[in-house]
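Chemist: prediction below, plus the sequence it came from.
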Amino acid sequence: MNILVITDFYPNLTIPHEGIFVYQQLREINKYANITVFVPQIIYPPLKRYEKVKREFDLYIDDKRYKVFIIKYWQIPIIGEWIMPFIFIFRMRRVIKKKKIDFDLIHAFWAYRSGYWAYGLAKHFKKKYIITLLGSDVNYWLHEHFKKPRIEKAIANADRIIGLSRDLLKKIKYLNVTSRQKWIPNGMDPQDFHPRRGGKLKSTEGIKIICIANHYYVKGVDILLQAAAELKSSLIDFSIILIGDGPERLKLEQLSEKLFLKKQVIFKGIISHQQIPDYLRESDLLVIPSRNEGFGTVILEALACGIPVIGSKVGGIPEALEYGKYGILVEPESPVKLAEAIIKSQKEKPSREMLIKYAARFSWSVVAREIHAVYQDVLKQTD
């Protein structure tokens, strides 16, 4: 079985952790199928409007287990987004022909742009394709006038749709693809994410809170900072480590200073994915204050380390926490409720063994077997 994967979400030199879960998933799937990966790279002109979306796509991870091709495109202002899919599809076809790439099925991560490219390639080569919905493609881009028809076309013509959460699949119900949907969440690697050997170190620094999220508005880090101000006014002893970076970084630093949180909040920036387990194990609590979220892989990683989680009641977060059974859910946009939940989490601590056992159900090996089963099912179906 030969699978052609298209993803513009893959670890790169600019953001090493970007799409790390795609890489981890493919690493496991490659045990069951021969994989070739196309990573499109959009090269933007030196204009201010593109400063926040630039990527250096020299691969951060060079995995010899499967071949990765970087497909480049030079963005043309104003008309670039319109003509880009056709140019990318043409260049992908050329690479396939030149490198004599044989494939039975296309798997695209994101409905747009990757899903639309998959639609075009599948149509040309008369192959089947599946799309994995990740979050923003449905939560945001599906509501943008220009992207909406392309996303709808890609989803409506796909042979199977995988959603990281049931919430994402519900949002495309109007496209009448229910019979071709499959819920397969993200996973985690239990060899990396596990409790500290010998038990957790005792801390005298109050509640050690960690938030692992890119600094975008949708991630709601500002809500956590406002909740921190509530904790401080209640004389609660705590510290917060913010791991991640992004366009909201400066605003968040300014908000932290405005709320007099300089002693409590540390902006750690981007760290490697290999460092995350140690940071989680040093923490008492993971907080995910997102305004929307596809699923939240870091939730599973924290639970696998035996770390309690608080998350917003949005997107796939309730599913990841099994609707409050394995974590505390709070209403979004509510710093006061979040602060109350943080205090509650220290008074009503869940069983670490229960959290670890639950997270083990989402190992990458389990996820890979489910996706491989989807590949088999799609390929055996006749038109």
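Modeler: Arrived safely, thanks for sending.

Chemist: how about the helices in the chain?
Modeler: Secondary structure of the chain (DSSP state H): helices at 20-29, 80-98, 114-125, 136-139, 148-157, 166-170, 221-233, 249-258, 276-281, 297-304, 317-320, 335-347, 352-359, 364-380.

Chemist: pick the most deeply packed of the ones you listed.
Modeler: Among these, the stretch with the highest mean neighbour count (mean count of other C-beta atoms under 10 Å) is helix 297-304, at a mean of 26. C-beta here means a position set from N, CA and C on the backbone, and glycine is covered the same way.

Chemist: picking that back up, just put the helices of the chain in CSV and tack on distance to residue 67 and mean pLDDT.
Modeler: Output for those, formatted as CSV (distance: least, C-beta to C-beta, whole Å; pLDDT from 0 to 100):
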stretch, distance to residue 67, mean pLDDT
helix 20-29, 11, 92
helix 80-98, 11, 88
helix 114-125, 17, 95
helix 136-139, 25, 89
helix 148-157, 24, 93
helix 166-170, 30, 92
helix 221-233, 37, 96
helix 249-258, 35, 96
helix 276-281, 27, 95
helix 297-304, 25, 96
helix 317-320, 32, 94
helix 335-347, 45, 95
helix 352-359, 32, 95
helix 364-380, 18, 95
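
Chemist: mind putting the ones you listed in a markdown table, distance to residue 10 included?
Modeler: Output for the helices of the chain, formatted as a markdown table (distance: least, C-beta to C-beta, whole Å):
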| stretch | distance to residue 10 |
| --- | --- |
| helix 20-29 | 6 |
| helix 80-98 | 15 |
| helix 114-125 | 10 |
| helix 136-139 | 15 |
| helix 148-157 | 19 |
| helix 166-170 | 20 |
| helix 221-233 | 24 |
| helix 249-258 | 23 |
| helix 276-281 | 18 |
| helix 297-304 | 15 |
| helix 317-320 | 23 |
| helix 335-347 | 32 |
| helix 352-359 | 25 |
| helix 364-380 | 16 |
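
Chemist: what about the nearest residue to residue 289 once chain neighbours are set aside, neighbour count?
Modeler: Distances taken as C-beta to C-beta, 6 or more residues apart in numbering place residue 220 nearest to residue 289, at 3.8 Å, with adjacent residues excluded. Using other C-beta atoms under 10 Å, residue 220 has 26 other residues around it.

Chemist: so which of the helices of the chain gets nearest residue 73?
Modeler: helix 80-98 (5.7 Å; C-beta to C-beta).

Chemist: list the helices and strands that closest one packs on?
Modeler: Contact here means 3 or more C-beta pairs under 8 Å, 6 or more residues apart in numbering; DSSP states H and E; on that basis helix 80-98 packs against strand 34-43, strand 67-74, helix 114-125.

Chemist: tell me which residues are up against it.
Modeler: With C-beta atoms under 8 Å, 6 or more residues apart in numbering as the test, helix 80-98 has contacts from 4, 6, 38, 40, 42, 69, 71-73, 75-76, 101, 103, 113, 116-117, 120-121, 124-125, 146, 150.

Chemist: kindly recompute the last result at 10 Å.
Modeler: Identification of contacts with helix 80-98 by C-beta atoms under 10 Å, 6 or more residues apart in numbering yields 4, 6, 8, 36, 38, 40, 42, 44-45, 50, 69-76, 101-103, 106, 112-114, 116-121, 123-125, 146-147, 150, 154.

Chemist: can you check which of the helices and strands packed on helix 80-98 gets nearest to residue 246?
Modeler: Closest to residue 246 of the helices and strands packed on helix 80-98 is strand 34-43 (C-beta to C-beta; 18.1 Å).

Chemist: what angle separates that closest one from helix 20-29?
Modeler: Relative orientation of strand 34-43 and helix 20-29, computed by axes from the mean of the first three to the mean of the last three C-alpha atoms, to 10 degrees: 160 degrees.

Chemist: how far off helix 80-98 does strand 34-43 point, in degrees?
Modeler: Counting by the same axes, to 10 degrees, strand 34-43 lies at 140 degrees to helix 80-98.

Chemist: alpha carbons of strand 34-43, in CSV - could you do that?
Modeler: These are the backbone C-alpha positions of strand 34-43, laid out as CSV (Å, rounded to 0.1, in the frame of the first residue of the first chain):
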residue,chain,number,x,y,z
ASN,A,34,4.8,3.1,2.3
ILE,A,35,4.6,6.8,2.7
THR,A,36,5.7,9.7,0.5
VAL,A,37,5.2,13.2,1.9
PHE,A,38,4.7,16.5,0.0
VAL,A,39,5.2,19.6,2.1
PRO,A,40,4.2,22.7,0.1
GLN,A,41,6.2,25.8,0.9
ILE,A,42,4.9,29.2,0.1
ILE,A,43,7.7,31.8,-0.3
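
Chemist: note down every partner strand of it and its orientation.
Modeler: Strand pairing for strand 34-43, determined by DSSP bridges: strand 2-7 (parallel), strand 67-74 (parallel).

Chemist: pull out the buried positions in the last one.
Modeler: Yep, that's strand 67-74 we're talking about. Buried residues in strand 67-74, defined by neighbour count with 16 or more other C-beta atoms under 10 Å: 68-69, 71, 73.

Chemist: where is pLDDT lowest across the residues you listed?
Modeler: Least confident of those in the model: residue 73, at 80.
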